[in-house]
Structures are given as C-alpha cells and as structure tokens.
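Student: Provided below for reference: sequence and predicted model.
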Amino acid sequence: MVFEFLFSTSKTKASISHFIDFLEYHASKKNLKFAHRFDIFTNHNSYSFYLETQPQKALEFAEYIGARLPMSLYFNFVSLQTPQDISLKWQTNSEKIPSFPDAFEVGQMLNKDSESFCSLNGWVKNIEFMGENITETKSLIDIFTRLALRLKNGESLRIKTSRGTKQFSFVKKSQNIMFWDLSNILTYTRIETSQSHLLASYEKPLTKLCPKEVFASLLLKDQNPFEFNATLPYDLVLSLLGLFALELEMGYVFFEDSSSKSFDLSYDHYHLPKACEITISRDGLLIDRGISKKSKNIFDLISKHFKEESLKDEKIHQKGTPIKNHQKLIVFLSKKHPTCFWIKDADSYKTALPICFETNPKLILEKIRNDYKDGQKLLKNYEEHFKDILTRISSLSHQSLESSNMMDIFSSACFVLGYCSDFKLGDESILNNAKKFVRDKGPRIDFKLIKEDEILKLDYPKVIRSSMSFRIAGLDEATLSYGFIDSIAEFLGNFVRDVSVNFNIKNVLLCGDMLGEKIFLDKILHYLPKNIDLILPKEGYIDYS
C-alpha cells in the first residue's frame with residue numbers, strides 16, 4: 001500500500017530540505033521505499049512524503065517520526081492518507097544524513113539521568129573555555145557549573161553562540177530576556193498558548209511578551225515599553241547552561257549583542273535557523289517583524305503579494321472573460337509611514353479613505369471648542385479637572401502640523417490626556433499603556449466617518465473629544481488606552497467590511513508594522529469580516545525601510 005504523509009509549509013522546497021533529508025534518512029534506515037511531491041498554492045505550499053509498505057510499518061514509522069521530528073513553525077504535519085492511482089518515482093536508499101539531532105537525541109543530551117548527558121556527539125565542535133579547548137564531557141559539566149555560578153554572583157558572560165556573540169547577565173537589565181525553560185516564562189509573563197508554542201518551536205524566535213504586574217520592576221529596564229523580547233535557549237550549549245542556572249534558582253538571564261573579540265565560551269554549532277522576531281496572534285497566525293532590504297516602498301509590498309495574481313488575471317482578461325472580484329483592497333497601517341486605504345484595479349489605484357488631519361493638540365482643542373456641540377462646556381470641565389494639562393497645551397505654538405499617518409492620532413491623544421509631558425509625533429504611550437490592561441473589552445472611543453466637501457473622512461477631533469470625556473469620568477490610563485486600540489480596530493474592521501461589500505472585493509492585503517503589535521493584531525483580526533480572502537505580510541514584507 002501507498003501512504004502519504006502530508007505536510008503544510010509557507011516556505012520553498014529548498015528551505016525545508018533539512019526536514020526532507022531527515023525523513024529520507026529514517027525511511028532509508030528502515031529499508032522503506034519512499035517518494036516525494038511538492039505542490040505550490042496561492043497562500044501556502046504542501047509537501048508529501050510517500051511510503052510503499054504495510055499498514056503496520058507505516059504506523060510504526062509515523063510514531064517513530066512523531067517522537068523525533070522537531071516542532072517547526074513552517075513545516076507542519078497535516079494528515080496520513082492512502083492515495084489511489086498515483087504515479088511516483090520510488091527510492092529505497094538515500095545518501096542524505098540529518099543536519100540536526102532529533103528531538104529524542106536532544107532530550108537525552110539534556111537529561112541529567114541519561115548516559116548521554118552533556119555528550120554533544122559531534123553536533124557542537126571546537127568548544128573553547130577561556131581560550132582552552134574542551135573535549136571531555138566531565139570538563140564541560142565543570143565549566144557549566146562555574147559559568148552558572150558566575151551569573152548568580154552578578155558577573156556578565158560573553159559567549160560566542162550560534163547566533164553571534166552575546167553578553168549575558170542575571171542583573172544587568174536589557175530589552176532581551178532568555179528564559180531557561182517554558183515553566184519560567186509561564187511564571188513571569190502573561191503568555192498565551194500560541195506564544196508558548198511559538199517560543200518552543202525548532203526556529204526559537206524572539207517574541208514580545210508583557211510581564212505579570214508583580215514582576216514588572218524585576219524584569220523591565222523601564223516601564224516604557226511595558227514589554228521585552230523573550231526567547232528560549234536556541235542552541236545545545238545554551239540549553240545545557242540553562243540546566244545549571246536553574247539549579248541555582250535563576251529562571252532567566254538578560255542578554256544583548258556584543259562586539260567583543262574575547263569570549264568566556266565559544267563553539268561551532270550545527271546549522272540553526274537564523275534569528276527572527278515574530279508576533280503570533282491568538283489564533284496562531286504568524287507575523288514576521290523583519291523588513292527586507294528589498295522592501296523600499298509600498299509598491300514593493302504590493303507587488304510581492306499580488307504579482308502572481310496579477311499575471312493570472314491578465315491571462316483571463318486576454319481571453320475576454322470578465323474578471324470576478326478582480327479589485328484588491330490595500331490596508332497599510334504603519335507607525336512610521338503614511339497610512340493607505342487603496343483599491344487596486346490592475347495597475348491603477350484609487351483612495352478608499354484619504355488620511356490627512358491636524359495633530360497639533362492646541363488646534364484640535366480650538367476646533368472642538370468652536371465647531372462641536374458643547375465643546376466649550378467640555379473644555380471648561382476638562383480644565384477644572386486637569387488645569388496643568390490645559391496649561392501645557394496652551395503653551396504650544398499655533399503652527400499647523402498635519403499628518404497622513406492615522407496612528408499619529410495616538411500622539412495627539414496621549415498629550416491631551418496627560419500621558420506624556422512633551423508632545424511629539426510617534427509617541428507610543430497609548431500603545432504601551434494598553435499593554436498593561438488585563439481584560440478584553442475597553443471603552444468605546446468615537447471613530448466615526450463624516451463627509452466634508454463630498455469627501456469621506458475620519459472625524460479626528462471627535463476621537464479626542466470622546467477620550468477627554470472618559471478622562472474626566474476617571475478612567476485609568478490602561479483602560480482608556482486599551483479602548484483606543486479596541487475602538488480603532490473595530491472601526492477598521494467595519495470599514496473593510498463596507499468597502500468589500502460596496503466594491504465587491506474579496507482580496508484584502510493587510511500590512512504595516514502595526515501588525516507586529518500583538519495587542520493590535522488580535523483586535524483587528526477579531527473585527528475583520530470573515531468572508532474576505534485576507535492576505536497577511538510575507539516574510540520581510542510587513543513594512544518598508
């Protein structure tokens with residue numbers, strides 16, 4: 001019988017070759033006939049590994065591989081099937097050998113009760129401690145004991161790891177924290193299940209986590225931002241060092257890049273995935289926060305995601321067949337670049353919602369006073385509660401400061417609400433405050449559309465006006481800030497729904513580095529309509545540099 005082990009992947013065949021070699025090696029070792037197939041689809045790819053064998057042997061192979069193949073973000077087992085009438089090129093032997101130790105082997109190396117404890121079996125070579133070459137397991141155990149003790153005593157360690165030279169410290173805080181195991185991450189942080197799976201994966205990425213309030217002063221360099229980059233040990237040596245650190249009751253260590261050419265410990269490690277920074281949604285959708293050097297403007301982002309579809313549409317159009325749902329909606333939400341709501345039609349673009357508004361808090365309040373019902377009464381009431389804030393606002397110049405970045409409304413709001421003492425665009429106080437909120441529903445801030453001169457636009461002063469009312473009512477920073485994120489996400493979800501219905505659009509590209517903010521990502525994914533074909537950023541193309 002023929003059995004198909006089906007895997008899904010977002011990578012190319014070359015990028016998963018190490019997993020393919022792994023499967024080939026173990027099938028060959030068990031004298032099983034095997035074959036391959038790689039299929040490319042619009043939103044994902046699939047890889048099939050076939051065996052021709054008896055059902056019992058296929059199940060045994062599945063169990064064997066299940067215990068040894070590491071959990072990957074980009075190579076996921078889908079199902080075991082029995083395909084019919086399939087033509088394949090069968091093999092029985094493979095010269096490929098795995099380029100990484102399997103999960104069972106790693107477990108034995110990290111098990112203090114195992115005979116293989118600290119026996120790196122050639123996977124790590126040229127280990128040097130303080131310039132001295134180390135070859136014996138006993139010496140390695142002694143070195144890890146000494147290094148862990150130095151960390152406990154407040155000393156810094158410089159280690160040339162598989163991802164470059166890092167400086168580690170138990171006391172010198174930084175924005176990067178390596179937890180020695182998942183248990184300590186669960187103890188110290190507000191982590192979701194999807195995030196724990198992310199950190200425990202073969203790729204060992206960095207992801208932003210918020211501490212539990214009781215541990216904030218212990219882990220954070222300062223309270224702004226209210227988060228840090230977290231990871232687990234990403235190579236064998238660091239994993240072993242962590243075991244000795246845990247015995248000394250250290251659950252984590254701070255680390256940062258180092259340019260030093262002298263090391264306490266150095267080694268040559270088997271090839272590992274490169275470092276990456278990933279945000280994962282509550283539902284498990286991955287957003288790679290890295291930006292490719294090839295991504296230089298918004299059109300680079302668009303062409304990266306719609307190139308194939310454009311060619312396909314063009315071929316259909318040449319045949320004279322009407323193109324259904326041929327338009328695409330582009331939603332670009334960046335913290336540093338102009339916001340875009342564009343409808344793409346072949347090579348032409350039209351703006352679905354123009355973004356241009358006044359950000360100077362002084363001019364915003366003047367407009368509220370003069371143009372909005374009860375505006376003067378609101379400002380008088382606000383001054384009675386927050387005289388110092390109004391004094392700071394009145395000291396600003398009258399110079400207009402227009403912005404085409406929707407996220408700059410947060411900068412104006414945080415100054416008006418008194419969350420920062422100096423007004424500057426790009427201030428992330430509201431975003432930061434929102435991360436301290438531990439519930440899931442905030443107050444509704446008025447994000448409403450109005451028509452001015454027959455042009456649809458967002459009523460920006462009304463956003464500020466409604467937030468001031470909540471501030472007078474005594475709402476705390478975290479709750480009100482979370483309300484901003486929740487409300488803008490709901491507004492965007494409703495806007496996408498209206499555009500998709502009115503223009504019969506199915507394909508929606510959502511990108512911009514705001515998606516790297518988990519609190520925003522979860523909210524906008526929640527509010528977006530479920531009947532659209534949502535396209536999220538490909539690796540390296542979340543934003544442009």
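Tutor: That came through, no problem.
Student: and the closest residue to Val416 other than its chain neighbours, what does it touch?
Tutor: Computed as Cβ to Cβ, 6 or more residues apart in numbering, the closest residue to Val416 that is not its neighbour in sequence is Pro361, at 5.0 Å. Where you see a C-beta, it was placed from the backbone N, CA and C, and this is true even at glycine. By Cβ atoms under 8 Å, 6 or more residues apart in numbering, the contact set of Pro361 is 393, 396, 412, 415-416, 423, 464.
Student: weed out the non-buried ones from those.
Tutor: 393, 412, 415-416, 423, 464 (16 or more other Cβ atoms under 10 Å).
Student: just those residues now: which is nearest Lys304?
Tutor: If you rank these by distance to Lys304 using Cβ to Cβ, Ser412 comes first, at 32.6 Å.
Student: hang on, that closest one in a helix?
Tutor: Yes. Counting by DSSP: H, G, I helix; E, B strand; the rest coil, Ser412 is found in a helix.
Student: pretty sure it contacts Leu363?
Tutor: No. Applying Cβ atoms under 8 Å, one finds Ser412 not in contact with Leu363, separated by 9.7 Å.
Student: picking up where we left off before, the residue nearest to Val416 and Tyr372, how far apart?
Tutor: Distance from Pro361 to Tyr372, counting by Cβ to Cβ, to the nearest Å: 15 Å.
Student: where exactly do the strands run in the stretch 101-250 of the chain?
Tutor: Using DSSP state E, counting those that start in this stretch, the strands found in the stretch 101-250 of the chain span residues 124-129, 132-134, 157-161, 164-169, 176-179, 207-209, 228-231.
Student: who does the third one pair up with?
Tutor: This means strand 157-161. Take DSSP bridges as the rule and strand 157-161 pairs in its sheet with strand 164-169 (antiparallel), strand 265-269 (parallel).
Student: state the mean pLDDT of the first one.
Tutor: So that's strand 164-169. Taken as a whole, strand 164-169 carries a mean pLDDT of 98.
Student: ok now it, how far from the chain's centre?
Tutor: 23 Å (Cα atoms, centre = their mean, to the nearest Å).
Student: hmm, who's touching that strand?
Tutor: Strand 164-169 has contacts (Cβ under 8 Å, 6+ apart) with 151, 154-159, 178, 253-260, 263.
Student: can you do 10 Å?
Tutor: With contact meaning Cβ atoms under 10 Å, 6 or more residues apart in numbering, strand 164-169 is reached by 147, 150-151, 154-161, 174, 176, 178, 238, 241, 245, 253-266, 275.
Student: max pairwise distance over the buried ones among the contacts of Pro361: which two?
Tutor: The widest separation within the buried ones among the contacts of Pro361 (Cβ to Cβ) is 12.8 Å, between Phe423 and Ile464.
Student: now the common contact residues for these two.
Tutor: Joint contacts of Phe423 and Ile464 (Cβ under 10 Å, 6+ apart) are 361, 412, 415-416.
Student: and the helices in the stretch 1-150 of the chain?
Tutor: 17-29, 55-66, 103-109, 137-152 (DSSP state H, counting those that start in this stretch).
Student: I'd like those as JSON lines, with mean pLDDT and distance to Arg439 appended.
Tutor: What follows is the helices of the stretch 1-150 of the chain, written out as JSON lines (pLDDT from 0 to 100; distance: least, Cβ to Cβ, whole Å):
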{"stretch": "helix 17-29", "mean pLDDT": "96", "distance to Arg439": "41"}
{"stretch": "helix 55-66", "mean pLDDT": "97", "distance to Arg439": "38"}
{"stretch": "helix 103-109", "mean pLDDT": "96", "distance to Arg439": "38"}
{"stretch": "helix 137-152", "mean pLDDT": "97", "distance to Arg439": "37"}
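Student: nearest to Leu329 among those would be which one?
Tutor: Of all the helices of the stretch 1-150 of the chain, helix 17-29 comes closest under Cβ to Cβ, at 35.4 Å.
Student: helices or strands up against that closest one?
Tutor: The contact analysis (3 or more Cβ pairs under 10 Å, 6 or more residues apart in numbering; DSSP states H and E) places helix 17-29 against strand 2-9, strand 33-40, strand 45-52, helix 55-66.
Student: of these, which is nearest Gly516?
Tutor: strand 2-9 (22.4 Å).
Student: that closest one vs helix 17-29, what angle?
Tutor: Put simply, strand 2-9 runs at 160 degrees to helix 17-29, going by axes from the mean of the first three to the mean of the last three Cα atoms, to 10 degrees.
Student: how about strand 2-9: buried residues?
Tutor: If you call a residue buried by 16+ other Cβ under 10 Å, then strand 2-9 has these buried ones: 2-7, 9.
Student: so where's the chain uncertain?
Tutor: Counting by pLDDT under 70, the chain shows low-confidence ranges at 308-325.
Student: check contacts around Lys294.
Tutor: Applying Cβ under 10 Å, 6+ apart, the residues near Lys294 are 300, 304, 540-541, 544-545.
Student: what about the closest residue to Val2 other than its chain neighbours, how many residues nearby?
Tutor: Using Cβ to Cβ, 6+ apart and skipping residues adjacent in sequence, the residue nearest Val2 is Glu52, 5.4 Å away. For Glu52, the count of nearby residues is 15 (other Cβ atoms under 10 Å).
Student: and Glu52, how close does it get to Ser87?
Tutor: Counting by Cβ to Cβ, the gap from Glu52 to Ser87 is 13 Å.
Student: any common contacting residues for these two?
Tutor: Residues touching both Glu52 and Ser87 (Cβ under 10 Å, 6+ apart): Ala35.
Student: what are the boundaries of the helices in the stretch 351-500 of the chain?
Tutor: Taking DSSP H, counting those that start in this stretch as the criterion, the stretch 351-500 of the chain carries its helices at 361-371, 375-385, 387-394, 408-416, 429-434, 460-472, 477-502.
Student: how about those helices in TSV, adding distance to Thr135?
Tutor: Putting those into TSV (distance: least, Cβ to Cβ, whole Å) gives the following:
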stretch	distance to Thr135
helix 361-371	66
helix 375-385	71
helix 387-394	66
helix 408-416	57
helix 429-434	49
helix 460-472	65
helix 477-502	54
